[in-house]
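>>> Dropping a prediction and its sequence here:
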Amino acid sequence: DDKHPDAKKGRDGNRTVGSLYDLITAKDKAAKPIGEWNEGRVLVQGKHVEHWLNGKKVVEYERGSEDFRKLVGMSKYAAPEYNANGRFGEAIKGHILLQDHGDEVSFRNIKIKTL
């Protein structure tokens, strides 16, 4: 976050580590310094979603809820190109996105489990 210009855009830090990008700001995050690995976890049970960072829950939401749709409506994701196959962020199944903005990035030990 400290060295990436995009982290300073958006609203109230909603483009920072652990956040639901451009929608929900991660709270009480304890990101490790540059050069150390962070551990992230995304837990999805039905429409309930949690983002975890280094053992702490930092974001929680219900996909498709009135609050979720309101946030989408105020974001860039309200644009038609993000909703061509249905409402943004509400697909039952699909792809997992690992986001990067052109800088060097590394991922390791990625696991996907059915609960």
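That came through fine.

>>> remind me which residues of this structure are low pLDDT?
In the predicted model, the chain carries no residue with pLDDT under 70.

>>> Can you pull up the most central residue in it?
residue 20 (2.8 Å; CA atoms, centre = their mean).

>>> what's that residue in contact with, if anything?
14, 49, 51, 59, 61 (CB atoms under 8 Å, 6 or more residues apart in numbering). For glycine as for every other residue, the C-beta is placed from the backbone atoms N, C-alpha and C.

>>> farthest-separated two in these?
14 and 49 (15.1 Å; CB to CB).

>>> Please tell me how far the residue located most distally from the centre of the chain sits from residue 42.
Residue farthest from the centre of the chain, counting by CA atoms, centre = their mean, is residue 35 at 21.2 Å. Separation of residue 35 from residue 42 (CB to CB, to the nearest Å) stands at 24 Å.

>>> again with residue 10
19 Å.

>>> higher neighbour count, the two?
residue 10 (17 against 12; other CB atoms under 10 Å).

>>> correct me, but the more buried one touches residue 26?
No. Applying CB atoms under 8 Å, one finds residue 10 not in contact with residue 26, separated by 11.9 Å.

>>> Tell me where the chain has helices.
66-73 (DSSP state H).

>>> could you pull out the strands for it?
40-45, 48-53, 56-62 (DSSP state E).

>>> and residue 103, which of those is closest to it?
That would be strand 40-45 among the strands of the chain, by CB to CB, at 17.1 Å.

>>> partners of that closest one in the sheet?
strand 48-53 (antiparallel) (DSSP bridges).

>>> got a list of contacts for the partner strand?
So strand 48-53 is contacted by 17-20, 26, 29-31, 38-44, 57-63 (CB under 8 Å, 6+ apart).

>>> From these, keep the buried residues only.
Buried members of these, scored by 16 or more other CB atoms under 10 Å, are 17-20, 26, 29, 31, 57-59, 61, 63.

>>> Could you work out the most separated pair of the residues you listed?
Using CB to CB, the buried ones among the contacts of strand 48-53 span at most 24.4 Å, a distance reached by 31 and 63.
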